[in-house]
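K.L.:
Predicted model and sequence below, questions to follow.
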Amino acid sequence: MRLAHTRRPCPNRRRLLGGLAAALSTATLPYLGVADVPPSEPVSFGVFPYLPALEIGRQFGPMASALSAILGRPVGLQTKSGFPAFRAALHEARYDIALLHPFLWGDIVDARDYRPLARLEDDLAGLVVAPVDRVITSFADLRDDTLAVPPALSAVAQLVALELREAGLDGPDGVRLAHYRTKTACVHAILTGQATACAIPSFFLGQLTAAAAVPLEAKFATKSVPGILFVGHGRLGDAVLDHLQRALVGWNGTADGQHLLAGLGWSGLARIGPGDYDAAELRLLAD
């Protein structure tokens with residue numbers, strides 16, 4: 001699904017993009033030996049479908065524009081209608097750059113020539129949220145109740161399922177799970193009385209106020225895994241990927257980069273350390 005570059009209103013947008021490009025590159029990035037992707041062709045940027053497509057276009061349009069300024073090439077923002085289709089696109093190496101959750105990385109690391117570039121500073125956990133006046137301290141308090149969760153291939157759904165199995169609450173007498181297409185739909189399930197609580201990714205907490213019409217709060221968290229990450233395909237070439245990695249992490253150090261990250265509710269980006277994303281461990285958790 002290709003998204004038009006729908007953009008969030010932003011004051012001094014030209015200054016923002018210019019500042020990002022100037023701060024993160026001493027000059028417009030030249031063609032650096034990218035044999036498989038001609039420099040005149042757009043670079044595809046795929047974002048995993050944790051939000052509806054139109055919302056991803058609104059949220060990540062400014063980032064696509066900033067990446068274009070960094071690379072000196074057009075960047076096309078894309079997503080899919082659901083996790084199975086996005087996962088298939090990753091396996092088919094459809095994206096030059098992708099933003100994905102760690103279980104998707106564990107799924108493709110050995111299959112396709114993707115390289116991890118940068119990660120969200122904060123680890124990823126599932127947060128169980130509910131109305132402020134509801135007392136919930138653990139999954140045990142949700143026995144015989146319905147918990148709204150994102151699709152089965154989402155990181156949050158996998159973290160929740162793991163903890164329910166460990167607590168013996170995954171059977172018919174445990175916690176009932178109801179899967180919804182997006183995090184926003186999970187929140188709305190509480191508002192319509194279809195669920196007692198919902199599980200959202202920790203990085204979505206900053207956007208929760210906009211998604212909920214009644215006051216909700218995080219009650220407790222699941223175990224955590226390394227945060228969502230950017231990856232780049234090897235066909236871009238090592239020189240381009242090295243430059244992009246420096247630029248992504250460099251957003252932490254500029255006012256314009258911080259503004260871009262704050263718009264998504266992100267604290268910052270970090271380099272990926274050795275062992276941060278152990279594929280075997282991620283697959284074991286997912287199983």
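P.N.:
Received it, and whenever you're ready, just let me know what you need. Numbering: from 1, shown residues only.

K.L.:
what separates the closest residue to G234 other than its chain neighbours from L236, distance-wise?
P.N.:
Nearest residue to G234 in three dimensions, chain neighbours excluded: D113, at 3.7 Å (Cβ to Cβ, 6 or more residues apart in numbering). From N, CA and C alone the C-beta is placed, and that goes for glycine too. Plainly put, D113 is 10 Å away from L236 if you go by Cβ to Cβ, to the nearest Å.

K.L.:
same deal with L51?
P.N.:
Where L236 is concerned, L51 sits at a distance of 26 Å (Cβ to Cβ).

K.L.:
With T79 instead?
P.N.:
Taking Cβ to Cβ, one finds T79 at 20 Å from L236.

K.L.:
out of the two, which sits in the busier spot?
P.N.:
Neighbours were counted for T79 and for L236 using other Cβ atoms under 10 Å; T79 has more, 27 against 23.

K.L.:
what about the more buried one, distance to Y50?
P.N.:
T79 is 9 Å from Y50, by Cβ to Cβ.

K.L.:
Let me know the pLDDT of the residue sitting furthest away from the middle of the chain.
P.N.:
Computed with Cα atoms, centre = their mean, the residue of the chain farthest from its C-alpha average is D173, at 32.6 Å. The confidence metric pLDDT takes the value 91 at D173.

K.L.:
shouldn't it be in contact with D145?
P.N.:
No: the criterion here is Cβ atoms under 8 Å, and D173 misses it with D145 at 11.9 Å.

K.L.:
Confirm A125 sits in a helix?
P.N.:
No: counting by DSSP: H, G, I helix; E, B strand; the rest coil, A125 falls outside a helix, being strand.

K.L.:
Give me the secondary structure label for L117.
P.N.:
L117 is classified as strand under three-state DSSP.

K.L.:
My guess is it contacts H243. True?
P.N.:
No: L117 lies out of contact with H243 (Cβ under 8 Å); the separation is 10.3 Å.

K.L.:
check contacts around A167.
P.N.:
A167 sits next to F139, A140, G174 when contact means Cβ atoms under 8 Å, 6 or more residues apart in numbering.

K.L.:
Quick check: the first one vs A155, distance?
P.N.:
Going back to what we said before, that points to F139. 17 Å.

K.L.:
higher neighbour count, the two?
P.N.:
Legend: neighbour count by other Cβ under 10 Å for F139 and A155, higher for A155 (29 against 24).

K.L.:
how near is F230 to S138?
P.N.:
F230 is 33 Å from S138, by Cβ to Cβ.

K.L.:
The two: who's more crowded?
P.N.:
More neighbours surround F230 than the other of F230 and S138, with 22 against 13 (other Cβ under 10 Å).

K.L.:
Thanks a lot, see you next time.
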